[in-house]
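K.L.:
Build the 3D model from these lines:
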Amino acid sequence: MAVVLAAVVVGGCAGAPDSAVDGSRGRERAEESGPGAVRHDRKPIRDRFPEFGEISGTSWVSDVLNDGGRSDVPGPSDVRLTGVASLSGAAVAGISERYSWSRSRPSSSVPKTLLSELPTEGDWLTSAGFDAAVTRGEYTGTFYLSVDRGVVLFDAVNPSIR
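P.N.:
As a prediction, the model looks like this:
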């Protein structure tokens, strides 16, 4: 089973980080999981990153980047979404063949709660073309692919739902 790691910042209105990410839950849901809690639901990741293809599993964290991560500060908020997701073999093959890749080291800013979810073996690759295809110029983001492990590590600011 492949695993994908992702870090992303998601823009939203004032409110809990989970409501900024899934767009369908209120404050009660956010308080259940808490800011920075590891989540495993695939829909928010699929909705923001359809270029990943079939996701068979994911672990991710969202953090509000406004005033100390408080979700009760009025006004727009930036949300960072970091996680790992498993991709199908076909998805990995398609992504790796469609773009030009170079070896790279993932950012050292991966939240500590996700470090245990990262594969410890395998090479990481980055592609400016893949980054541009995923973000479409709508937000900033860097994505790392481990072909060996079938995972993507992503780090983005304010990814939008497609």
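
K.L.:
what about the helices in this protein?
P.N.:
Along the chain, counting by DSSP state H, helices occupy 17-22, 27-33, 43-48, 89-98, 128-135.

K.L.:
Give me the mean pLDDT for the longest one.
P.N.:
Same thing as helix 89-98. The pLDDT scores in helix 89-98 average 96.

K.L.:
Can you list the helices and strands that that helix packs against?
P.N.:
For helix 89-98, the packing partners by 3 or more C-beta pairs under 8 Å, 6 or more residues apart in numbering; DSSP states H and E come out as strand 140-146. Where you see a C-beta, it was placed from the backbone N, CA and C, and this is true even at glycine.

K.L.:
Buried residues of the strand it packs on, list them for me.
P.N.:
141-146 (16 or more other C-beta atoms under 10 Å).

K.L.:
again, but for stretch 114-134
P.N.:
Result for stretch 114-134 [16+ other C-beta under 10 Å]: buried residues 114, 117-119, 124-127, 130-131, 134.

K.L.:
tell me the least confident of the residues you listed?
P.N.:
Scoring these by pLDDT puts residue 119 last, at 73.

K.L.:
if I look at that one, how far off is residue 43?
P.N.:
To residue 43, residue 119 is 23 Å away according to C-beta to C-beta, to the nearest Å.

K.L.:
Same question for residue 53.
P.N.:
In terms of C-beta to C-beta, residue 53 sits 15 Å off from residue 43.
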